[in-house]
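Visitor: this one's structure only:
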């Protein structure tokens with residue numbers, strides 16, 4: 001079952017929106033907490049002021065009734081009798097003053113009762129099931145405290161009502177802003193991603209329209225030197241390689257068909273002549289001609305298979321002694337000119353022995369075909385293993401240095417298909433060397449020298 005997968009722009013927008021929602025929500029809660037805390041601190045300060053005002057009014061002989069200021073309060077006599085209270089605090093039971101200030105009460109001043117008129121202390125109270133902090137102001141009529149002194153305590157409760165009201169008024173704007181910001185961030189991420197991926201879609205459309213035959217069509221490279229430009233450059237280079245490979249393949253197929261047509265035509269001609277003139281042409285001659293052309297076809301087919309195998313072969317981990325392989329190749333063949341060999345006792349190389357034998361054999365066949373008086377075959381070892389084959393025949397031009405390795409290329413116009421081989425030997429040798437991680441090059445024009453470079457192995 002195919003999984004439903006959102007487009008990249010949608011996924012990035014969703015991720016950006018979720019991240020923004022988490023961060024902005026956390027920030028919104030932090031803002032709410034900060035605003036509420038600030039409002040509570042302001043209420044605490046107001047409670048302290050009102051507590052002082054109540055005690056001062058009591059000292060001045062003012063009798064309090066009902067509301068006083070904006071916060072609930074109680075004026076309590078030393079024996080616990082409530083002298084005056086705001087309606088909201090009438091049922092509250094004021095506790096005795098505490099000598100320790102609660103953290104939510106803010107700073108509390110402790111005054112020495114023997115020398116001061118009173119003290120403002122922090123206490124905790126509960127009003128209508130709401131936990132609040134009370135600020136108590138203790139009043140002494142004057143002088144030192146004694147047994148006849150009547151003490152009044154004013155309790156002003158720090159209610160969260162104002163703080164809750166401020167936060168409630170802030171919430172619509174705060175959460176609305178969070179939602180709007182999340183939407184804007186997600187939309188911006190989606191738009192930016194879509195714009196960034198637009199060149200990719202253009203490249204995809206161009207690539208989709210490229211036909212199978214090489215036509216030189218290339219992707220448009222963005223102006224900005226970024227990753228997309230690098231991608232377009234890489235894809236264009238790949239298209240160039242594909243076009244080149246396609247052209248080589250088409251040329252190879254055409255050359256192979258041309259090479260096959262000649263022996264096939266000769267076969268058909270020999271058979272037609274033998275059938276039309278059985279008395280004029282002895283059967284032995286017809287059969288000999290057919291056998292010759294059949295062998296040419298078999299050899300050509302084998303060379304084509306070898307070239308295909310060499311082109312598709314992967315680099316292996318086999319190791320062989322290049323010097324030993326060279327000696328074995330020379331031991332099994334005869335030549336029309338002398339072959340001078342120079343090789344060390346051992347030359348371990350990273351290549352399969354069969355592949356190296358085929359490379360050396362093809363290079364040697366090519367050299368013997370063109371040599372005038374002798375052929376030189378040298379194996380040297382430094383950081384790599386080098387095998388050079390030199391002939392003293394007619395030299396090659398610079399223009400032919402690479403073309404000589406193309407399939408079916410015959411540089412000598414005098415060479416016929418009957419005496420000049422298939423034209424695949426050097427192409428097969430180069431492909432085998434490349435598959436082993438090495439190289440084959442025309443290292444010198446005069447005298448003509450082909451050199452194989454292979455990786456040196458530590459152990460043969």
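Guide: Here it is on my side, so go on. These numbers were taken from a predicted model, which means no experiment stands behind them.
Visitor: Let me see the ranges of the strands in the chain.
Guide: Taking DSSP state E, the strands of the chain run over residues 73-77, 82-85, 118-127, 130-139, 152-158, 320-321, 339-342, 348-349, 375-381, 384-391, 439-444, 448-455.
Visitor: winner for burial among the ones you listed?
Guide: Burial among the strands of the chain, expressed as mean neighbours by mean count of other CB atoms under 10 Å, is greatest for strand 152-158, which shows a mean of 27. Using the backbone N, CA and C atoms, a C-beta is placed for each residue, glycine as well.
Visitor: quick one: that strand to chain centroid distance?
Guide: Relative to the mean C-alpha coordinate of its chain, strand 152-158 is positioned 67 Å out (CA atoms, centre = their mean, to the nearest Å).
Visitor: Pull up the pairing partners for that strand, direction included.
Guide: strand 73-77 (antiparallel), strand 130-139 (antiparallel) (DSSP bridges).
Visitor: Tell me where the model's unsure across the stretch 101-250 of the chain.
Guide: Counting by pLDDT under 70, the ranges of the stretch 101-250 of the chain that qualify are 101-151, 211-215, 224-225.
Visitor: Show me the residue at the heart of this structure, geometrically.
Guide: Central residue of the chain (CA atoms, centre = their mean): residue 227, 10.8 Å from the mean position.
Visitor: gap between that one and residue 264?
Guide: Relative to residue 264, residue 227 is positioned 54 Å away (CB to CB, to the nearest Å).
Visitor: list the contacts for the residue nearest to the centre of the chain?
Guide: For residue 227, no contacting residues are found, by CB atoms under 8 Å, 6 or more residues apart in numbering.
Visitor: So residue 429 is in contact with residue 364, correct?
Guide: No. Residue 429 is not in contact with residue 364 according to CB atoms under 8 Å; the separation is 10.2 Å.
Visitor: how far out from the middle of the chain is the lengthiest helix in the chain?
Guide: With secondary structure taken from DSSP state H, the chain has its longest helix at helix 8-59. The gap between the average C-alpha position of helix 8-59 and the chain average comes to 42 Å, counting by CA atoms, centre = their mean.
Visitor: How about stretch 327-340?
Guide: On CA atoms, centre = their mean, the centre of stretch 327-340 falls 55 Å from the chain's centre.
Visitor: which other residues reach that stretch?
Guide: Residues lying outside stretch 327-340 but in contact with it, judged by CB under 8 Å, 6+ apart, are 341, 343, 357, 360-361, 364, 368, 371-377.
Visitor: Pull out the buried members of the residues you listed.
Guide: 343, 357, 360, 361, 364, 368, 371, 374, 375, 376, 377 (16 or more other CB atoms under 10 Å).
Visitor: Let me know the closest of those to residue 78.
Guide: When the buried ones among the contacts of stretch 327-340 are compared for distance to residue 78 (CB to CB), residue 357 wins out at 119.7 Å.
Visitor: got the contact list for the closest one?
Guide: Contacts here follow CB under 8 Å, 6+ apart; on that basis residue 357 touches 325, 328, 329.
Visitor: pLDDT, neighbour count and distance to residue 403 added to those, as JSON lines?
Guide: JSON lines is the format used below for the contacts of residue 357 (pLDDT from 0 to 100; neighbours: other CB atoms under 10 Å; distance: CB to CB, whole Å):
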{"residue": "325", "pLDDT": "93", "neighbour count": "25", "distance to residue 403": "28"}
{"residue": "328", "pLDDT": "91", "neighbour count": "14", "distance to residue 403": "31"}
{"residue": "329", "pLDDT": "90", "neighbour count": "18", "distance to residue 403": "26"}
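Visitor: Quick check: helices, which of those residues are part of them?
Guide: 325, 328, 329.
Visitor: how far away is the second one from residue 336?
Guide: Spatial separation of residue 328 from residue 336 under the definition CB to CB is 21 Å.
Visitor: same check, this time on the first one
Guide: When CB to CB is the yardstick, residue 325 and residue 336 sit 23 Å from each other.
Visitor: now the last one
Guide: As judged by CB to CB, residue 329 and residue 336 stand 17 Å apart.
Visitor: cool, residue 7 as well?
Guide: 71 Å.
Visitor: Now do the contacts for the closest residue to residue 303 other than its chain neighbours.
Guide: In space, residue 303 comes closest to residue 424 once its chain neighbours are excluded; the distance is 4.3 Å by CB to CB, 6 or more residues apart in numbering. Listed by CB under 8 Å, 6+ apart, the contact partners of residue 424 are 303, 304, 306, 307, 407, 408.
Visitor: that older thread, which members of the buried ones among the contacts of stretch 327-340 are the farthest-apart pair?
Guide: Every pair of the buried ones among the contacts of stretch 327-340 checked by CB to CB; the farthest is 357 and 374, at 22.0 Å.
Visitor: and the residue nearest to residue 170 when sequence neighbours are not counted, how far is that from residue 165?
Guide: Setting aside the residues directly before and after it, residue 170 is nearest to residue 35 in space (CB to CB, 6+ apart), at 6.0 Å. As judged by CB to CB, residue 35 and residue 165 stand 11 Å apart.
Visitor: out of the two, which sits in the more crowded spot?
Guide: Shown here are residue 35 and residue 165; by other CB atoms under 10 Å, residue 35 has more neighbours (16 against 11).
Visitor: just the helices in this structure please.
Guide: Using DSSP H, the helices of the chain run over 8-59, 161-209, 227-276, 283-312, 322-331, 353-370, 400-403, 425-435.
Visitor: Kindly calculate the angle that the last one makes with strand 439-444.
Guide: It stands for helix 425-435. For the pair helix 425-435 and strand 439-444, the angle between their directions (axes from the mean of the first three to the mean of the last three CA atoms, to 10 degrees) equals 130 degrees.
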